[in-house]
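>>> The following block contains a protein sequence and its predicted model.
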Amino acid sequence: KMAASSLVGAIDAGTSSVRFTVFDNVGATVAFHQIEMPSIYPTAGWVEQDPTKIIELVDECFREVAAKLKAAGHAPNSVKAIGVTNQRETTIVWDRLTGLPLYNAIVWLDTRTAGTVERLIHSTPTNDKSALQRLCGLPLSTYFSAVKLRWMLDNVLAIKEEALAGRCMFGTVDSWLIYNLTGGAHSGVHVTDVTNASRTMLMNIHTLKWDPELYNFFGVPYAMLPRICSSSEIYGHVASGLFAGTPISGCLGDQQSALVGQLCLAKGDAKNTYGTGCFLLYNTGTKPIISRHGLLTTAAFKFGEAPCVYALEGAVAIAGAAVTWLRDNLGIISTPQEIETLAREVDETHGVYFVPAFSGLLAPYWRHDARGVICGLSQYTDRRHIARATLEAICYQTREVLEAMNKDCGIPLSSLRVDGGMTSNSLLMELQADLLGITVRRPNNIETTSFGAALAAGLAEGVGVYRLSVLQDSAGARIFAPKIAPDDRDERYAMWRKAVQRSFDWETDKPHAVTPTPVEEDEPTPELHARVAVSLLFAAGVATTAIWAFRKYHGE
């Protein structure tokens, strides 16, 4: 019989926040702490984060949770293992000797590599973005780590030089965390797991090893790459601090972690996570299925020596990030929670459709040239309609992914499990059921991502806090059923698809400058004087016409 003091911790280093949660031996939350993770936007389409900040926030979460455990009567050594889950694809390169990052982390949302992607596509024998999909399960896209790493090797001098000297280490956020927690430059372990490795475009999806054809195609030195491990084994131990000596024994990319946390462990199980983006994963069993409809083939989890389980994934770049945009950029809402109240004030969008393609469109389109559009505006439209259209956009994007998944798998889902912070918005869940035409199942614990990492850590050989045979699927879930007529659902979806077409071909591959180009202070030329004079005459004419029209209208 397991002791009640056998606790397991989980680090969740996401795009918008870092948290540390401790669970008991039946999966109930004992303590947690969460801190917002800032992003850096050097120019349009570029998204970065400071790798050292990620470590700082994990340390702060450790301290806060240790204090809460103490207050609840638990010592830090009650935590028997720690798991890691993370934003995937985000790319970090650091110095092997100093352990310090050589550049900011390039976040998965970043689209600076559009030109790199085009050059890589043209270098394939078939001039096809799907040319490598047979090996890695992924299309060539700005989304994945190898493309970001190639950009770094081409454009960051320090990385270019140190790669030639054999001093560079590459990793996604999981690798960076485990390396630092286990001692960094002194004794840090350089590893990743199959789920994160499967998002780099460098791992062979069939062999679960770094593939020479892939890393040579991208020009990535093999010496930079971490060792690929399972999702559940002891990688190393925390080197210092309040949890020193605790084994780190679980590692999963965040969306795979949510799949595990929802206990979608059998073939045919599926879940959709609503966070910064939106990610639908369908468990396809122990054989990978290469999608023909714009989806991704990914490793779902691998527990120790057991066979790897695979999934099909549909990735949507912008979900909760659209709500944040309404708050931070437009000022339509003050808090993310306010959008539900605002959107409920109207019964429909009255023809407004919002395609939030801020950084292009991922599944099933894979169009990095797309950009956000709002269609169907009229004088009647106000912020309530835009708020509701934002929620509907998330639901429509999910339907597009689900339709592609049904085609690939051949067995349409009859119900969808959901999780993630946005699922606390009940209106969003009602709209999702309506626009999918199937039931939506929201568990009591909607933050399943952290529990997935904890479960992987607690299952590891040498830890043994959890056993799958005694864990049960979450009870007391709320079920949302569709309420609108099929014809209405399909008509609205057709209009959404029409709006999506409007978002295409907006962005070119022309790179954005990070800093303004200095202007030479030459003497003005006669041609410049002439252009300025013509411009001033035109402006004066416009102003005179405007004044005449104003006076005539007001009878002056």
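Arrived safely, thanks for sending.

>>> Distance of residue 395 relative to residue 484?
From residue 395 over to residue 484 the distance is 12 Å, taken as C-beta to C-beta, to the nearest Å. (Glycine included, C-beta is placed from N, CA and C.)

>>> Who has more neighbours out of these two?
With neighbours defined as other C-beta atoms under 10 Å, residue 395 and residue 484 compare such that residue 395 has more, 24 against 14.

>>> can you tell me which helix or strand the more buried one belongs to?
helix 383-409 (DSSP states H and E).

>>> Repeat that for residue 496.
helix 486-502.

>>> before we move on, what about residue 55?
Assigned by DSSP H and E, residue 55 falls in helix 51-71.

>>> In that helix, which residues are buried?
Using 16 or more other C-beta atoms under 10 Å as the test for burial, helix 51-71 gives 51, 53-55, 57-59, 61-62, 64-66, 69.

>>> contacting residues for the closest residue to residue 409 other than its chain neighbours?
In this structure, residue 409 finds its nearest non-sequential neighbour in residue 282, 6.2 Å apart by C-beta to C-beta, 6 or more residues apart in numbering. For residue 282, the contacting residues are 268, 269, 270, 311, 312, 313, 405, 409, 413, by C-beta atoms under 8 Å, 6 or more residues apart in numbering.

>>> switch to 7 Å and redo it
270, 311, 312, 405, 409 (C-beta atoms under 7 Å, 6 or more residues apart in numbering).

>>> Walk me through which strands the helix or strand containing it pairs with, and which way each runs.
Here residue 282, judged by DSSP H and E, is contained in strand 278-285. According to DSSP bridges, strand 278-285 forms sheet pairs with strand 270-274 (antiparallel), strand 309-316 (antiparallel).

>>> mind checking which of the ones you listed is nearest residue 459?
Across the strands paired with strand 278-285, residue 459 has its closest neighbour in strand 309-316 (13.4 Å, C-beta to C-beta).

>>> That closest one: how far from the chain's middle?
13 Å (C-alpha atoms, centre = their mean, to the nearest Å).

>>> Helix or strand next in line after it, which one?
In the C-terminal direction from strand 309-316 (assignment by DSSP H and E), the next one is helix 320-325.

>>> Can you name every helix or strand that that following helix contacts?
helix 383-409 (3 or more C-beta pairs under 7 Å, 6 or more residues apart in numbering; DSSP states H and E).

>>> still on that earlier bit, what does the helix holding residue 496 rub up against?
Helix 486-502 has contacts (C-beta under 7 Å, 6+ apart) with 353, 355, 373, 375, 396, 399, 434, 435, 437.

>>> Walking through the stretch 401-550 of the chain, point out its strands one by one.
Assigned by DSSP state E, counting those that start in this stretch, the strands in the stretch 401-550 of the chain fall at 415-419, 439-442, 478-480.

>>> Out of those strands, indicate the one that is most buried.
Counting by mean count of other C-beta atoms under 10 Å, strand 415-419 has the highest mean neighbour count of these, with a mean of 22.

>>> residue ranges with poor pLDDT in the stretch 1-150 of the chain?
For the stretch 1-150 of the chain, the stretches with pLDDT under 70 are 1-4.

>>> quick one: the helices in it?
Applying DSSP state H, counting those that start in this stretch to the stretch 1-150 of the chain gives helices spanning 51-71, 114-122, 133-136, 145-155.

>>> May I see the ones you listed organised as TSV, with distance to residue 296 added?
As requested, those are exported to TSV (distance: least, C-beta to C-beta, whole Å):
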stretch	distance to residue 296
helix 51-71	25
helix 114-122	16
helix 133-136	9
helix 145-155	13
